[in-house]
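Colleague: pasted the sequence and its predicted model underneath.
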Amino acid sequence: MIDKIVETPDEALRDVQDGATIMFGGFVSAGTPSNLILALQRRGTKRITGIANNIGLGDKLDVLCEKRQLAKFIATFAIRASGGRQSMFEELYRRGEVELELVPQGTFVERIRSGGAGLGGVLTRTGLGTMVEDGKQTVSVEGTEYLLEKPLHADFAFIKAWKADRMGNLVYRRAGRNFNPIMATAADIVIAEVEQVVDVEELDPERIGTPGVYVDRVVQCEPVAVRWDA
Amino acid sequence: MIDKIVETPDEALRDVQDGATIMFGGFVSAGTPSNLILALQRRGTKRITGIANNIGLGDKLDVLCEKRQLAKFIATFAIRASGGRQSMFEELYRRGEVELELVPQGTFVERIRSGGAGLGGVLTRTGLGTMVEDGKQTVSVEGTEYLLEKPLHADFAFIKAWKADRMGNLVYRRAGRNFNPIMATAADIVIAEVEQVVDVEELDPERIGTPGVYVDRVVQCEPVAVRWDA
Amino acid sequence: MPDSARPAGLSRELIALRVAQELREGMVVNLGIGLPTLVSNFLPPGEEVIFQGENGVLGYTGISEEEFDPDVINAGGQPITLGPGASFFDSAVSFAMIRGGHIDVAVLGGLEVSEKGDLANWYLPERGGGSIGGAMDLACGAERLIIAMSHTNREDGPRIRKECEFPLTAPGVVDLIVTDLAVIDVEPEGLLLREVAPGVSPEDVQARTEPRLRLSPDLREMQL
Amino acid sequence: MPDSARPAGLSRELIALRVAQELREGMVVNLGIGLPTLVSNFLPPGEEVIFQGENGVLGYTGISEEEFDPDVINAGGQPITLGPGASFFDSAVSFAMIRGGHIDVAVLGGLEVSEKGDLANWYLPERGGGSIGGAMDLACGAERLIIAMSHTNREDGPRIRKECEFPLTAPGVVDLIVTDLAVIDVEPEGLLLREVAPGVSPEDVQARTEPRLRLSPDLREMQL
């Protein structure tokens, strides 16, 4: 019988090694695998290349900067207008202790999808005529120029869903989807933090957002409270 | 108040002109807009470029061959091993009266998605080393060769869903999804045939498969009975 | 620097109200972070404008005052209320919608706009970095791009310039600029001053705008 | 043409049974139209193999005998039964799964296979045309590709050839060939005969195979 449930976030991260490339689902408060991020902090894994929509002030991922666990980060939001305050990430970035690759959000998700779908990359107009095109190949299709953006793939994806069954089928809740279903397709090992584990008969086949075939481990956690202060 | 409901399939097709390019959702018996196809037959529109997964023996689309309404068809299934029987489409194709572009199914759906998502095309390994690559550009990404497959876009998409509301939000049923949600993104005018029109409050926001912003017209029809005989 | 005292100009709320007048029933509209977020507050009651959040929501109606639900937010991370016919989807679907030209109007904030419609709004020079978020995709993908911003920067220098000095978000994309002082169309022939804020003269606006403005034959005071 | 009478070989059902032996619990498997469809009938009871239909279904268990539901079909258009944990999705998601290497095993029918693992199975020479369907994507995308077919064509000529004569589905993709006469591995060094059907000799197989077969040191009769 297929059973992908593991007991604790720490056990779920058992083979995450120094130097790993890790995708993190979530968009600010929605669908962020906070318990897995905290377990990664406890584990102390070093020289991580992180891939997530946002890192910075108020983001759970900022905790990975406390002990300088990050070597590089690929994100769409990183340095934000936020008065005088700055995140630990911003501080490390300023000191040159972490590398940052800033990507337009549509390109970001499409590069991940491309990595998960075996495609050679993304042909997009976004970023043309801006700093984003620096050093990149362009391809002309019927007289129109497109930027070639390369696929993203990772060793691990840490994602968050609402419900799961033992087969790893995931159901998301509202705007908790965001990058989670896409990242689940683009990593060697996919670890899902969920609020509830239910019997395999309980999930409606019409509502499954990530089929279990993409998921390697499922861990049930009390959601870490997130508050919004803009 | 937004209201996209029209009374009859014939009214829904009011501006479909000779020479139109039309996408048709559906995979054999599932999610096929049979009532819209029959209305198109009644309308007698000529020189159509059709885009659909399958045309041939037992397919509703074959009726468009009775009065030679098709100039060209882009499909993944067209000529099938089926004993001595042949479809009207196959007969016309053999006589050179309709042009056929055969596409691998993954490339087919990805080209449509690309057309709907403003991308410049698809970079895929599928088709390399086969007749499918003839005359096409290849692009090298980090030492691997990919075939560049161009986006598909249409004047109209005829799609089929289970339920709709007045805003054009669509809910699909089981394997009735197939090409419908993707085609809904890639045509100037999208016409949806549905089994039920319900109040706008009745559709679960988590279950909407095509948001109403993609849909121009909705028509409620008694499903045309389809039988499976392999 | 302009040679006269800066006129008061509109509040952020009134800029949002003026932008809201550009929206019509049935339009699909994305509101950027900051000032643009306020636009949803100023729609005529019952007018069905469909707001999209690029984080994967369609059909929200405004900012929620209810208890915070971390999964019901817009792209600014703010809690939102849902209208009838709302739906949720993932980020790939969301940006396919944006890049594929299915957003009728995007309203974004701006740091600088050039007379050719170039937009700069992602790089924060004072911080030596920035965030792109969905801005580049929205700027390229939306059918119509409205920039809502203060007419001048903190030093009272012009934000509407011959060329942007800051790194671009996208070249040649802005259709309409709504500021605290004026409403300006970006046209192939250059910038066209269509409306001025109450108490503001065309000369006041020109004095705080680097490129030459053409005056619309129908130039008028904003109706607020 | 071979110089001896053709041995009887396995029925379609027994070929399917032999293919089923290659599957393990937890594997994600796509069964092509025709003979491969029969494979799901021959799994040990309770073994959770997850069958994918490229039309947008995962977790079906077999062909249904119940009343026909037009929306519950596999890629062959056949009515299916659903197992626990089944799910539905659209064709873009389905082919992202196939092309992205998330299908462990695809079982397809074949017209010809070359000694380099080239597959030809979409073009029907007798009809002057064909259908590609999902075959090219499955052939390129699946982690392991098993071809289930009759060892010879209608004229008793070999389907396993030095070079395919028919238009290719994909070059260099086949891992294992299961026919009514034999089980053959496609290896970088060429074809390796692993098993023969009951009552069939290695010589019988070689006589009906164009390229030279190497004999596995563990060559044995199929266990059915």
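Modeller: The structure has been received and is ready for your questions.
Colleague: how many other residues sit next to the nearest residue to residue C:32 once chain neighbours are set aside?
Modeller: Once flanking residues are discounted, residue C:32 sits nearest to residue C:108: 3.9 Å by CB to CB, 6 or more residues apart in numbering or on different chains. (C-beta placed from N, C-alpha, C; glycine too.) Using other CB atoms under 10 Å in any protein chain shown, the number of residues around residue C:108 comes to 27.
Colleague: list the contacts for residue C:108?
Modeller: C:32, C:36, C:119, C:121, C:135, C:138, C:139, C:145, C:146, C:147, C:148 (CB atoms under 8 Å, 6 or more residues apart in numbering or on different chains).
Colleague: now, of those residues, which are buried?
Modeller: For these, a burial check counting by 16 or more other CB atoms under 10 Å in any protein chain shown picks out C:32, C:36, C:119, C:121, C:135, C:138, C:139, C:145, C:146, C:147, C:148.
Colleague: residue C:19 contacts residue C:148, doesn't it?
Modeller: Yes - Residue C:19 lies in contact with residue C:148 (CB atoms under 8 Å); the separation is 5.2 Å.
Colleague: shared neighbours, those two?
Modeller: Counting by CB under 8 Å, 6+ apart, the shared contacts of residue C:19 and residue C:148 are C:36, C:39, C:107, C:178.
Colleague: closest to chain D among the residues you listed?
Modeller: Chain D lies nearest to residue C:107 out of the shared contacts of residue C:19 and residue C:148, by CB to the nearest CB, at 29.8 Å.
Colleague: who touches the residue lying closest to residue C:104 once chain neighbours are set aside in this structure?
Modeller: Excluding its sequence neighbours, the residue lying closest to residue C:104 (CB to CB, 6+ apart) is residue C:27, at 4.3 Å. Residues counted as contacts of residue C:27 (CB under 8 Å, 6+ apart) are C:49, C:50, C:104, C:105.
Colleague: now those in TSV, with neighbour count, secondary structure and pLDDT?
Modeller: Below are these laid out as TSV (neighbours: other CB atoms under 10 Å in any protein chain shown; DSSP: H, G, I helix; E, B strand; the rest coil; pLDDT from 0 to 100):
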residue	neighbour count	secondary structure	pLDDT
C:49	22	coil	97
C:50	26	strand	97
C:104	19	coil	98
C:105	22	strand	98
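Colleague: nearest to chain A, of those residues?
Modeller: Checking these against chain A by CB to the nearest CB gives residue C:50 as the nearest, at 15.7 Å.
Colleague: surely the closest one touches residue B:213?
Modeller: Yes - with contact defined as CB under 8 Å, residue C:50 counts as touching residue B:213 (6.1 Å).
Colleague: what sits in contact with each of those two?
Modeller: Shared contacts of residue C:50 and residue B:213, defined by CB under 8 Å, 6+ apart, are found at C:28, C:58.
Colleague: before we move on, back to that, ok, the contacts of residue C:27 vs residue B:164, which is closest?
Modeller: Distance to residue B:164, by CB to CB, is smallest for residue C:50 among these, at 15.7 Å.
Colleague: so for the closest one, what's the nearest residue that isn't a sequence neighbour?
Modeller: Closest to residue C:50 by CB to CB, 6+ apart is residue C:28, at 4.9 Å.
Colleague: quick one: pLDDT of the residue of chain C most remote from its centre?
Modeller: Relative to the C-alpha centroid of chain C, counting by CA atoms, centre = their mean, residue C:67 is the outermost residue, at 28.4 Å. Predicted confidence (pLDDT) for residue C:67: 86.
Colleague: same deal with the one 5 residues further on?
Modeller: In the prediction, the pLDDT value recorded for residue C:72 is 95.
Colleague: same deal with residue A:81?
Modeller: Value listed for residue A:81 in the pLDDT field: 66.
Colleague: do the same with the one 5 residues further on
Modeller: You'll see residue A:86 listed with a pLDDT of 83.
Colleague: just give the number of residues close to it.
Modeller: Burial of residue A:86 is recorded as 16 neighbouring residues (other CB under 10 Å).
Colleague: that one - that's part of a helix, no?
Modeller: No - using DSSP: H, G, I helix; E, B strand; the rest coil, the secondary structure at residue A:86 is coil, not a helix.
Colleague: what residues does chain A put near chain B?
Modeller: A:110, A:114, A:117-125, A:139, A:141-142, A:144, A:146, A:148, A:150-151, A:173-174, A:205-207 (CB under 8 Å from any CB of the partner chain).
Colleague: show me what contacts residue A:173?
Modeller: A:161, A:162, B:206, C:71.
Colleague: and if you look at residue A:91?
Modeller: By CB under 8 Å, 6+ apart, residue A:91 lies in contact with residue A:65.
Colleague: what residues of the helix or strand hosting it count as buried?
Modeller: Residue A:91 is part of helix A:88-94, with elements assigned from DSSP states H and E. Neighbour-count burial for helix A:88-94 flags A:88, A:89, A:90, A:92, A:93 (criterion: 16+ other CB under 10 Å).
Colleague: same question, stretch C:125-145
Modeller: Along stretch C:125-145, these residues count as buried under the neighbour rule (16+ other CB under 10 Å): C:129-142, C:144-145.
Colleague: and for chain A, the residue most distant from the center?
Modeller: Each residue of chain A has a distance to the centre, and by CA atoms, centre = their mean the biggest one is for residue A:143: 35.1 Å.
Colleague: got the phi/psi numbers for that one?
Modeller: phi 90, psi -10 (degrees, to the nearest 10).
Colleague: isn't the residue nearest to residue C:50 up against residue C:104?
Modeller: Yes - if you go by CB under 8 Å, residue C:28 and residue C:104 touch, sitting 4.9 Å apart.
Colleague: circling back: next secondary structure after the helix holding residue A:91?
Modeller: Following helix A:88-94 in sequence order, the next helix or strand is strand A:99-102 (DSSP H and E).
Colleague: which ones are touching residue C:106?
Modeller: For residue C:106, the contacting residues are C:29, C:30, C:31, C:32, C:138, C:139, C:141, C:142, C:144, C:145, C:146, by CB under 8 Å, 6+ apart.
Colleague: residue A:46 too?
Modeller: Residues near residue A:46 by CB under 8 Å, 6+ apart: A:18, A:19, A:68, A:69, A:71.
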